[in-house]
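Student: Sequence and computational prediction follow.
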Amino acid sequence: MLLFSLVGGSAFALNRGNLVGGPRKVVDSCRAPSPGCSFGEDFFALPPAARRDLSIEAAAAASYNAQQEFLDAAPAEPAKPLLLLEVTEGLADGLHHVHTLIAEQIQDIAEGARAGSSWIRPLALRREVDAAGGGAAALHVFSAAAPTAFVPTDLLRAVPLRDALEARMAWEAHARDGADDGDDQRDADKMRQLISLLSW
């Protein structure tokens, strides 16, 4: 939107975005409306500066610009629900691994060949060796390009709040630090191994 100011009897069109933070940019100018210079219905001439409160005008412009930036900004995508999948893998020596996957829920499938399954995007996978005996644990954080998967919905459950926060923060830090390079194959191997342990 343009604002117009009368200076010495001339009408100057001002870029509203330049009212604050820099010199005013003259977009166009001409004498007050006349047969040879018509702005049509969009012409709004402001009185001379001496008759206006410029501080109020500048504050109003700043408020308008802030509102426009807010309205023009793309809406933030709401965080998807997180789900937990826990799978136990028995070992030959009597020990066992417990694989705990935390993933985003993309969609629950209710119809078709995959009915009863959920489409998920993995965030983090923790593997505990002989969890009952307090064995060591290893954490793998997936990249943003990690393969998604379909798993039985009945095997998924809600993630405790603390685990959900830790998983999402680790995933976001992993992506922000550029640690995704070269992880594609390892991500795929981790998901393939986990899915192979499921009983469909």
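Tutor: Here it is on my side, so go on.
Student: only C-alpha atoms for contact and neighbour calcs from this point on.
Tutor: Noted.
Student: And whatever helix or strand Ser118 lives in, what does it pack against?
Tutor: Ser118 is part of strand 117-129, with elements assigned from DSSP states H and E. Applying 3 or more C-alpha pairs under 8 Å, 6 or more residues apart in numbering; DSSP states H and E, one finds that strand 117-129 makes contact with strand 96-108, strand 137-141, strand 149-152, helix 161-176.
Student: mind giving me JSON lines with these and columns for distance to Val129, mean pLDDT and mean neighbour count?
Tutor: Putting these into JSON lines (distance: least, C-alpha to C-alpha, whole Å; pLDDT from 0 to 100; neighbours: other C-alpha atoms under 10 Å) gives the following:
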{"stretch": "strand 96-108", "distance to Val129": "5", "mean pLDDT": "92", "mean neighbour count": "20"}
{"stretch": "strand 137-141", "distance to Val129": "6", "mean pLDDT": "88", "mean neighbour count": "16"}
{"stretch": "strand 149-152", "distance to Val129": "23", "mean pLDDT": "94", "mean neighbour count": "18"}
{"stretch": "helix 161-176", "distance to Val129": "19", "mean pLDDT": "87", "mean neighbour count": "15"}
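Student: Tabulate the CA atom coordinates of stretch 99-119 in CSV.
Tutor: Extracted C-alpha coordinates of stretch 99-119, given in CSV (Å, rounded to 0.1, in the frame of the first residue of the first chain):
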residue,chain,number,x,y,z
HIS,A,99,14.9,-52.7,20.6
THR,A,100,12.9,-49.5,21.4
LEU,A,101,11.9,-47.4,18.4
ILE,A,102,10.4,-43.9,18.8
ALA,A,103,8.7,-42.7,15.6
GLU,A,104,6.3,-40.1,14.3
GLN,A,105,2.9,-41.3,13.4
ILE,A,106,2.2,-40.4,9.7
GLN,A,107,-1.1,-42.2,9.3
ASP,A,108,-3.2,-45.1,10.6
ILE,A,109,-4.3,-47.4,7.7
ALA,A,110,-8.0,-48.5,8.1
GLU,A,111,-8.7,-49.8,4.6
GLY,A,112,-7.0,-51.9,1.9
ALA,A,113,-4.2,-54.5,2.1
ARG,A,114,-2.4,-52.6,4.9
ALA,A,115,-5.5,-52.2,7.1
GLY,A,116,-4.6,-52.4,10.8
SER,A,117,-1.1,-51.0,10.3
SER,A,118,0.4,-47.6,10.9
TRP,A,119,2.7,-45.6,8.7
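Student: got a list of contacts for that stretch?
Tutor: Stretch 99-119 has contacts (C-alpha atoms under 8 Å, 6 or more residues apart in numbering) with 80-89, 120-128, 148-154, 159, 164, 167, 194.
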